[in-house]
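**Student:** After the sequence you'll find the predicted model.
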Amino acid sequence: MSTGHLRRPATTGRAAAEERLVRADRSRTFPPLPAIDGTDGAGAASWWGGAWLEAVESSALDGARLARGRAYARAGHVDTINITPGRMIATVRGSRPRPYSAEVRVRTLTDREWEALLDGVADHPEQLTALLAKELPRALAEDDAGLLPAPGELTPRCSCPDSGWPCKHAAALCFQAARLLDADPFVLLLLRGRGERELLDALARRNAGHGARESRGRAAALADAVSGSGGAASTSGSPAGPASVSAAPAAHAVPGPGGASASGSEDVGRSAAQAAAPVRVGTAEAGAPAVPPRGVLAREALADRPRRPLPPPVAVPPRPGRPPTLPDADGLPFDAATLELLAADAAARAHGCLTGAGPGAAGADPFPTLPPWEDAVRLAATAHPTAGLTAASRALYRDLAAGTGRTPTDIARSVAAWRQGGPEGLALLEHTWNPPAGDFDRARSALLAAGLPALRPHHNHLTDTGRGLQLRFGRDHRWYPYESEPGAEDWWPAGPADADPVGALTTLVAR
């Protein structure tokens with residue numbers, strides 16, 4: 001087999017890059033729009049936004065649902081909106097904990113319709129000027145292609161059980177879409193099938209073609225004028241080259257009436273030949289060798305260019321952000337709750353790396369690699385940082401218990417230990433150790449001197465079973481308080497760890 005069959009075409013990489021750019025240009029994501037104060041919001045500020053809402057309202061079968069959708073949009077219930085050719089989708093928060101996934105579909109233009117539309121814009125530069133100024137020309141919108149949706153052309157869908165057309169969630173998305181159209185009419189063009197960069201590139205190619213055709217037309221008209229006025233322009237017998245067209249010398253001027261040289265015609269012929277001659281980089285006068293153009297290296301061109309200082313870093317927020325709640329939808333390739341859990345964990349880890357507030361020591365990795373069991377407990381503890389049990393946390397504990405072979409109670413107890421002291425807190429929950437003489441032995445005397453209950457030592461534990469009190473001494477030289485029902489020996493982490501045993505037990509007794 002020849003090696004030629006194994007080579008990829010040289011344009012493959014460039015073509016693939018162009019395809020990626022087109023795909024990226026045909027997908028735009030908009031952050032949630034802010035809520036609107038007052039009762040007159042969720043309308044349209046532009047005539048094309050108003051035409052969009054008119055198509056929505058004329059297709060609605062229930063005015064009450066439409067009004068609720070307007071109220072949802074005004075209150076900011078529509079989250080991030082993604083727009084691709086023929087489709088816009090967003091999650092809309094309703095009365096339930098999880099939002100619904102709403103979408104609106106519209107027909108995309110055919111290639112022939114796009115060609116006609118682009119030709120029209122190229123023939124009328126004022127339309128392109130209006131688009132670049134974020135205005136939609138009426139002549140363009142009312143073209144035969146039909147950019148604006150007609151009544152009944154919008155198709156709403158939603159994951160909610162409401163069968164309204166549209167339901168209030170899809171209606172809210174339509175009202176927010178009108179605000180996006182007000183700000184940028186290219187959103188409407190994207191819905192119809194083409195991205196902004198793609199359209200501007202196509203218009204630039206058309207304008208270049210029009211300019212070249214106009215230049216050729218002017219040159220031909222000028223040549224006709226020269227030949228009609230009696231001037232002459234000589235051409236070399238050799239094939240046309242960079243300098244094959246030259247002005248006729250004065251000695252070869254065509255004489256005018258009466259044998260006199262027509263100087264006017266001679267001047268016209270010379271100027272016409274000079275105007276018609278192509279300008280080529282690297283050509284030289286007759287008899288001189290052609291000098292190739294010399295480029296400039298980028299590092300030389302940018303060597304003396306002033307560089308602006310980098311902006312100051314953005315301040316780290318006091319706490320990590322929470323990801324948006326994802327909708328429950330059938331057919332998704334992932335579990336929404338699991339994805340939310342991982343997103344919250346990624347935000348917490350990033351925040352810990354920026355602030356150095358992770359469980360690691362100073363200068364070390366704030367989130368070192370953990371065994372699967374410890375990492376599962378860490379995920380559960382950071383996903384729901386509050387101590388109270390909710391329906392979501394109970395479901396999470398059940399899933400973790402099923403995956404780790406433990407009970408939901410074991411998971412809840414381990415999560416409490418992690419929140420108390422991270423990896424050390426979890427280790428103290430599951431293992432005992434024998435501390436050396438020193439701090440552990442002096443702790444009992446300190447507790448008695450403070451008038452606190454006497455605790456019985458065992459390994460690294462100081463315990464009063466009758467009162468349900470216990471302190472566990474960690475390898476980090478901190479005391480971890482535990483409590484239990486008196487006499488039950490069912491110990492649970494209770495309160496924060498403290499380097500002082502008196503402080504840890506005082507907090508525990510006061511609970």
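**Tutor:** Ah, there it is.

**Student:** Centre of the chain to stretch 170-190, how far?
**Tutor:** Relative to its chain's centre, stretch 170-190 lies at 18 Å (C-alpha atoms, centre = their mean, to the nearest Å).

**Student:** What mean pLDDT does that stretch get?
**Tutor:** What stretch 170-190 shows for mean pLDDT is 94.

**Student:** what about the closest residue to Ser58 other than its chain neighbours, which SS state?
**Tutor:** If the residues on either side of it in the chain are set aside, Ser58 comes closest to Pro151, at 4.1 Å by C-beta to C-beta, 6 or more residues apart in numbering. The C-beta positions use only the backbone N, C-alpha and C, and glycine is treated the same way. Taking DSSP: H, G, I helix; E, B strand; the rest coil as the rule, one finds Pro151 in the coil state.

**Student:** List the contacts of Pro151.
**Tutor:** Shown in contact with Pro151 (C-beta atoms under 8 Å, 6 or more residues apart in numbering): Glu54, Ala55, Ser58, Ser59.

**Student:** Grab the nearest non-local neighbour of the last one.
**Tutor:** In this case it means Ser59. Closest residue to Ser59 apart from its sequence neighbours, by C-beta to C-beta, 6+ apart: Gly152 at 5.1 Å.

**Student:** Measure how buried that neighbour is and give me the count.
**Tutor:** The tally of other residues near Gly152 (other C-beta atoms under 10 Å) stands at 9.

**Student:** my guess is it meets Ala60, correct?
**Tutor:** No: assessed by C-beta atoms under 8 Å, Gly152 is found out of contact with Ala60, at 10.6 Å.

**Student:** Output the below-cut-off pLDDT ranges for the stretch 1-150 of the chain.
**Tutor:** For the stretch 1-150 of the chain, the stretches flagged by pLDDT under 70 are 1-12, 38-42.

**Student:** Strands of the stretch 1-150 of the chain, start to end?
**Tutor:** Assigned by DSSP state E, counting those that start in this stretch, the stretch 1-150 of the chain shows strands spanning 28-30, 78-84, 87-92, 100-105.

**Student:** I'd like those strands written out as a markdown table, with mean neighbour count added.
**Tutor:** Below are the strands of the stretch 1-150 of the chain laid out as a markdown table (neighbours: other C-beta atoms under 10 Å):
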| stretch | mean neighbour count |
| --- | --- |
| strand 28-30 | 16 |
| strand 78-84 | 19 |
| strand 87-92 | 22 |
| strand 100-105 | 21 |
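
**Student:** and Trp114, which of these is closest to it?
**Tutor:** Set against Trp114 and scored by C-beta to C-beta, the strands of the stretch 1-150 of the chain come closest in strand 78-84, at 16.2 Å.

**Student:** Neighbouring strands of that closest one in the sheet, and parallel or not?
**Tutor:** Looking at strand 78-84 with DSSP bridges, its partner strands are strand 28-30 (antiparallel), strand 87-92 (antiparallel).

**Student:** Can I get those in CSV including distance to Ala443?
**Tutor:** Shown next, in CSV, are those (distance: least, C-beta to C-beta, whole Å):
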stretch, distance to Ala443
strand 28-30, 57
strand 87-92, 54
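
**Student:** looking at those, which is closest to Gly405?
**Tutor:** strand 87-92 (35.2 Å).

**Student:** Show residues contacting the closest one.
**Tutor:** Contacts to strand 87-92, defined as C-beta under 8 Å, 6+ apart, come from residues 72, 77-82, 99-106, 158, 169-170, 172-173, 176-177, 191, 324-327.

**Student:** Return it as PDB; C-alpha atoms alone will do.
**Tutor:** Output in PDB follows, covering the C-alpha atoms of strand 87-92 (Å, rounded to 0.1, in the frame of the first residue of the first chain):
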ATOM      1  CA  ARG A  87     -34.800  25.600  18.900                       C
ATOM      2  CA  MET A  88     -34.600  27.400  22.200                       C
ATOM      3  CA  ILE A  89     -34.600  25.600  25.600                       C
ATOM      4  CA  ALA A  90     -34.500  26.700  29.200                       C
ATOM      5  CA  THR A  91     -35.400  25.500  32.700                       C
ATOM      6  CA  VAL A  92     -38.300  27.300  34.200                       C
END
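
**Student:** Count the residues that sit near Glu142.
**Tutor:** Around Glu142 there are 12 residues (other C-beta under 10 Å).

**Student:** quick one, what contacts the residue nearest to it when sequence neighbours are not counted?
**Tutor:** Nearest residue to Glu142, sequence neighbours excluded (C-beta to C-beta, 6+ apart): Leu148, at 8.0 Å. Going by C-beta under 8 Å, 6+ apart, Leu148 touches Trp48, Ala51, Trp52, Ala55, Ala141, Glu142, Leu188.

**Student:** so how far is His77 from Leu148?
**Tutor:** Here Leu148 is placed at a distance of 26 Å from His77 (C-beta to C-beta, to the nearest Å).

**Student:** ok, back up a step: nearest to Pro501, of the strands paired with strand 78-84?
**Tutor:** Closest to Pro501 of those is strand 87-92 (C-beta to C-beta; 50.3 Å).

**Student:** quick one, what contacts the nearest residue to Ala73 once chain neighbours are set aside?
**Tutor:** Ranked by C-beta to C-beta, 6+ apart and with sequence neighbours excluded, the top spatial neighbour of Ala73 is Phe175, at 3.8 Å. By C-beta under 8 Å, 6+ apart, the contact set of Phe175 is Ala42, Gly43, Leu53, Val56, Gly69, Arg70, Ala73, Arg74.
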